[in-house]
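Enquirer: got a predicted structure here, sequence first:
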Amino acid sequence: NVVLVDHNEYAQSADGIEDANIVEIVDHHKIGGITTDVPISFRVMPVGCSCTVIYNMFKENNVEVPYEIAGLLLSAILSDTLIFKSPTTTEMDKLACQELAKIANVNMESYGMEMFKVGTSLDEFSIEEIVNMDFKEFDMSGKRVGIGQVFTLDIDSILSKKDDFLSYINSTEYDMLVLAVTDIIKEGSYLIYKAEDKLISEAFNVEASQGVFSEGVVSRKKQLVPNLTAAVKNI
């Protein structure tokens with residue numbers, strides 16, 4: 001018996017998920033291709049983080065949120081919403097963070113910035129690990145597309161290895177692969193990709209080149225995926 005959290009597509013799940021008995025789904029992404037033989041509890045909400053949904057499930061069931069769990073939920077929401085800078089952010093996310101910060105006894109703004117400073121150093125990771133750190137696969141008009149995203153405050157350390165990233169990305173079996181290196185201070189993403197330049201230009205309204213900066217693009221769910229999906233259809 002399996003509960004899927006923060007995803008609802010076979011390609012994004014664990015190996016062998018097709019043979020599992022899926023009993024519940026809790027998510028905040030678009031609905032994918034998973035089917036079940038019987039009705040299940042399917043909770044998908046258009047919020048910035050699945051942990052916002054989970055926190056509200058705690059409240060609905062009158063279950064007290066432990067201190068440690070409050071810290072984890074708060075961290076996840078602040079991370080997913082880029083401390084409320086992401087276009088996916090909702091008032092429900094903000095309210096959840098306010099309440100969770102009280103339980104965790106932290107100032108959510110200063111805690112969030114400190115969390116990003118500590119958590120976005122990528123020096124110890126290999127090229128392959130960085131690309132696959134937060135990676136999801138999609139089917140776009142029959143094309144197998146991979147999208148990886150990393151958040152870092154040290155953009156130069158990534159872009160200085162651009163050729164190494166390209167070498168790995170181009171060696172993959174994906175028809176297209178885009179790595180978005182997101183700068184939460186500049187509120188945009190640098191794109192390294194296995195794709196035609198004209199497709200990247202079409203998707204993000206930029207003059208495409210490896211490492212091009214796409215201003216305002218910080219969300220895979222609301223920007224990277226729909227923009228690329230539309231561009232693949234149009235080209």
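Expert: Here it is on my side, so go on.

Enquirer: outline the domain layout of the protein.
Expert: The record assigns the chain these domain ranges, following the TED database: 2-119, 127-234.

Enquirer: TSV for the ones you listed, including mean pLDDT and mean neighbour count?
Expert: Quick note: C-beta positions are derived from backbone N, CA and C, even for glycine. Putting the domains of the chain into TSV (pLDDT from 0 to 100; neighbours: other Cβ atoms under 10 Å) gives the following:
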stretch	mean pLDDT	mean neighbour count
domain 2-119	94	16
domain 127-234	94	17
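
Enquirer: quick one, what contacts residue 34?
Expert: The contact partners of residue 34, by Cβ atoms under 8 Å, 6 or more residues apart in numbering, come to 4, 8, 9, 10, 22, 25.

Enquirer: what about it, distance to residue 13?
Expert: 8 Å (Cβ to Cβ, to the nearest Å).

Enquirer: spit out the residues that contact the two alike.
Expert: With Cβ under 8 Å, 6+ apart, residue 34 and residue 13 have common neighbours residue 4.

Enquirer: assign residue 46 to helix, strand or coil.
Expert: The three-state assignment at residue 46 reads coil, by DSSP: H, G, I helix; E, B strand; the rest coil.

Enquirer: gap between the closest residue to it other than its chain neighbours and residue 3?
Expert: Sequence neighbours aside, residue 28 is the residue nearest to residue 46 in space, at 6.8 Å (criterion: Cβ to Cβ, 6 or more residues apart in numbering). Applying Cβ to Cβ, the value for residue 28 to residue 3 is 15 Å.

Enquirer: thanks again, I'm all set now.
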